[in-house]
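Q: okay, predicted coordinates and the sequence, questions at the end:
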Amino acid sequence: MAFELPTLNYSNNALAAKGMCQETMELHHGKHHQAYITALNGFVAADASLAGKSLDEIVTTAAPGPVFNNAGQHWNHIVFWNSMSPTGGSIPGKLEAKIIEDLGSVAAFKDAFKAAGVSQFGSGWAWLVLGSDGKLKVTKTANGSNPLAEGQGKALLGCDVWEHAYYLDFRNVRPNYLQNWVDNLANYEYAEAQL
């Protein structure tokens, strides 16, 4: 069974009022994400040892290289699309209480998340994860890696900090993109549901 591009839970223009324009969505979802899936399906078709494996299995077992890169990026983007919402930005009570308990305050969480994304040199991701110890943590990964591959915990939110995720809307000002993302785009209801 081939991997497929997931259908978005919102239209391509639904995030425009929140700072992510329709063109960004069309290029990012329809072109970039699709390219990772197409490449991954090609690798799976050419390598019998990958046949029948789930995406999680490929991400956790593939050696560094093209198979891992494309599987990781497919996995990451599935989380990314779910991590945003046209009604994003509002943190529900259960998640807010957990953030305050584990990270000190909502402001401290947002500062740590922005810092993770800004300090990721080159391409990568910022994450809110639930660690194996039951505590929330803010992490980052380079390129196509992710919390699943690195054993960081369960991803609750993932923010793409590759330039194609924000360049049309924020040019090269990654801090502004991340500020807008945590304040307006982040789907905290999705994150809470993952707890």
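A: Looks like it arrived, so ask away.
Q: which residues in this protein form strands?
A: Along the chain, the segments classed as strands by DSSP state E run 124-130, 136-142, 154-160.
Q: nearest to Ala46, out of the ones you listed?
A: strand 136-142 (26.1 Å; CB to CB). Backbone N, C-alpha and C define where each C-beta goes, glycine included.
Q: note down every partner strand of the closest one and its orientation.
A: Strand 136-142 has the following sheet partners, assigned by DSSP bridges: strand 124-130 (antiparallel).
Q: thinking again about what came up before, now the strands of the chain in a markdown table, with distance to Asn172, mean neighbour count and mean pLDDT?
A: A markdown table is the format used below for the strands of the chain (distance: least, CB to CB, whole Å; neighbours: other CB atoms under 10 Å; pLDDT from 0 to 100):
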| stretch | distance to Asn172 | mean neighbour count | mean pLDDT |
| --- | --- | --- | --- |
| strand 124-130 | 15 | 25 | 98 |
| strand 136-142 | 19 | 19 | 98 |
| strand 154-160 | 15 | 24 | 98 |
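Q: quick check: which of those strands is nearest to Ile99?
A: Among those, strand 136-142 comes nearest to Ile99, with 6.2 Å by CB to CB.
Q: just how off-centre is stretch 46-62 within its chain?
A: Averaging C-alpha positions (CA atoms, centre = their mean, to the nearest Å) puts stretch 46-62 21 Å from its chain's average.
Q: next one: stretch 147-157
A: Worked out by CA atoms, centre = their mean, stretch 147-157 lies 10 Å from the chain centre.
Q: which residues touch it?
A: Outside stretch 147-157, the residues that touch it by CB atoms under 8 Å, 6 or more residues apart in numbering are 56, 59-60, 68, 72, 75, 79, 83, 113, 127-132, 136-137, 139, 141, 146, 186-188, 190-191, 194-195.
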